[in-house]
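Visitor: Sharing a model that was predicted from the sequence below.
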Amino acid sequence: MEKKETKKGFTLIELLVVIAILAVLATAVVIILNPAQLVKQGRDSTRISDLAALHSALALYLSEVQGLTTWTPYTYCTATSTITLPVGFSSCTISASTVVNGNGWVPVNFNQISSGSPLSRLPLDPVNDGSYFYGFKSSSTLLYELDARMESNKYGPGGTGDIVSNTKDGGNDAGWYEIGNAPGLDL
C-alpha cells in the first residue's frame, strides 16, 4: 500500500478571497469611522475645553481682584499667519505668548489672584494658523469675548453638536464659537 502525499497550505484562490474580504472590511471601517473627522472633533473638543478654562479663570480674576472697575480694551489673536477675523474684530494684534502674567495673548495678570493663577499657561489653538486660532477681545468696561473656529462637521454650523450658531453661543458670528461675559457677545 502506497501512502498518498497530501500538501498542506492555502491555494492562491483562498488567499485572494481572504485578502479581498479584509480589504472590504477595512474600507468599511474607514468610511464609517472617518478618521479625519475624528481628529477634527478631537481638536474641537480641545478648543471648547481651553476656552471654558480660560473663561473660568477670567471670571475668577474679575470676581477677586479688588477695585478693578475698568481695563484697557484689547483685541488679540494667536494666529501665526494671515487671518480671517471673526465678526466684530476690525483688527487683531497677533500674539502667541502663553504667559499668565499679563503679557500673554490674554493681557490679564492671573498671578494677582490670591490663590495664584488657575492656569499654568494660556492655551493655544491645536492648529493655530490663519484659519484656526483663538481670539480675545475686551472693552474698557470689563466685558470680554473669547473666540475659536470649529473645524469638524459635528461642532460646526448645522452639525449634530453645533455650538457656533448664534442661538447656541449667543454670539454675533455663526462661524465662530464665542463665549465671555459680554451680553450678546457683540463687542
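Guide: Received the coordinates, thanks.

Visitor: pLDDT at the residue positioned nearest the centre of the chain, what is it?
Guide: Against the mean C-alpha coordinate of the chain, by Cα atoms, centre = their mean, the closest residue is residue 47 at 2.2 Å. We have a pLDDT of 96 for residue 47.

Visitor: from here on, count from 164
Guide: Okay, using 164 as the starting number, the last item reads as residue 210.

Visitor: Contact partners for the closest residue to it other than its chain neighbours?
Guide: In space, and not counting its chain neighbours, residue 210 is closest to residue 311: 4.4 Å by Cβ to Cβ, 6 or more residues apart in numbering. (Glycine included, C-beta is placed from N, CA and C.) Residue 311 sits next to 210-211, 213-214, 288, 295-298, 339-340 when contact means Cβ atoms under 8 Å, 6 or more residues apart in numbering.

Visitor: what's the closest of those to residue 242?
Guide: Checking the contacts of residue 311 against residue 242 with Cβ to Cβ, the nearest one is residue 296 at 3.8 Å.

Visitor: Now do the closest one against residue 309, distance only.
Guide: To residue 309, residue 296 is 12 Å away according to Cβ to Cβ, to the nearest Å.

Visitor: Who has more neighbours out of the two?
Guide: Ranked by neighbour count (other Cβ atoms under 10 Å), residue 296 and residue 309 place residue 296 first, with 28 against 23.

Visitor: residue boundaries of the helices in the protein?
Guide: 175-196, 198-227, 329-332 (DSSP state H).

Visitor: Point out the most buried one among these.
Guide: The highest average neighbour count among the helices of the chain, using mean count of other Cβ atoms under 10 Å, belongs to helix 198-227 at a mean of 16.

Visitor: now for it, which elements pack on it?
Guide: For helix 198-227, the packing partners by 3 or more Cβ pairs under 8 Å, 6 or more residues apart in numbering; DSSP states H and E come out as strand 297-301, strand 307-311, strand 340-343.

Visitor: Repeat the analysis, applying 7 Å as the threshold.
Guide: Applying 3 or more Cβ pairs under 7 Å, 6 or more residues apart in numbering; DSSP states H and E, one finds that helix 198-227 makes contact with strand 307-311, strand 340-343.

Visitor: Switch the helices of the chain over to CSV; also include distance to residue 267.
Guide: Listed next are the helices of the chain as CSV, based on distance: least, Cβ to Cβ, whole Å:
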stretch, distance to residue 267
helix 175-196, 37
helix 198-227, 10
helix 329-332, 23
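
Visitor: lowest-confidence stretch among these?
Guide: helix 329-332 (a mean of 72).

Visitor: in this protein, what spans have low per-residue confidence?
Guide: 164-166, 329-330, 346-350 (pLDDT under 70).

Visitor: let's see 90
Guide: Applying pLDDT under 90 to the chain picks out residues 164-175, 177, 189-201, 227-240, 242-256, 292-294, 300-305, 316, 319-339, 344-350.
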